[in-house]
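I'll drop the sequence and a predicted model, then ask my questions.
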Amino acid sequence: LDLIGKRFGTRVLDIHAGGVDLIFPHHEDEIAQSCAHTGEDLFARVWMHGEFLNIRGAKMSKRYGNVTTPRDLRQDGVDPGAIRLAMFQVHYRQKLNLTDDAFVKAREASQRLGEFDARLRKTDRRTGGPSSGWEAWAGQLERAFGEALDDDLNAPQAVAALFEAVREGN
């Protein structure tokens, strides 16, 4: 915390994240220790407690021996775009169950996004840039996406806005 304060000029974190299992007593202890050390009334302005990650229906845990990392998934041939999309399609306060089927569906959806992006880029090169209609479309997407993320980091709603925009763009 001292390093953060020296670098950013504050000793209060903007966002502190952790799992739901750390709310009590770990985070209360962390608050007490940090505030006593810094003399600040706050340790963090926003607390984000994510739900558990399940692997094929079981909580990911060293105890269960089912721990996986993004590097493990890439080595297993899972597309990085699919990993990100699978993660963003579930709100951080909801349990995420990673399954082979979820990655297959996320890969297909990620490919649709990539294909749409490629078509947009090709159209821009042919026409010399986006038309005013496309600029309005992009502005609407940006607003909907931002509003979703401003609503308790509602990534699933943001992803839905993205796919709605792709549907309209097609």
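Looks like it came in fine. Everything numeric here is computed off the predicted structure, so don't read it as measured data. Numbering: from 1, shown residues only.

just the pLDDT at the nearest residue to His16 once chain neighbours are set aside, thanks.
Excluding its sequence neighbours, the residue lying closest to His16 (CB to CB, 6 or more residues apart in numbering) is Ala44, at 3.7 Å. For every residue, glycine as well, the C-beta is placed using N, CA and C. Ala44 carries a pLDDT value of 92.

so in the protein, where's the weakest helix or strand by average pLDDT?
helix 2-8 (a mean of 57; mean pLDDT, DSSP states H and E).

next SSE downstream of it?
strand 13-19 (DSSP states H and E).

with just CA atoms, put that following strand into PDB.
Extracted C-alpha coordinates of strand 13-19, given in PDB (Å, rounded to 0.1, in the frame of the first residue of the first chain):
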ATOM      1  CA  LEU A  13      -7.300   2.100  -3.500                       C
ATOM      2  CA  ASP A  14     -10.000   2.900  -6.000                       C
ATOM      3  CA  ILE A  15     -11.000  -0.800  -6.500                       C
ATOM      4  CA  HIS A  16     -10.200  -3.800  -4.400                       C
ATOM      5  CA  ALA A  17     -11.200  -7.200  -5.700                       C
ATOM      6  CA  GLY A  18     -11.400 -10.600  -4.200                       C
ATOM      7  CA  GLY A  19     -13.600 -13.700  -3.900                       C
END
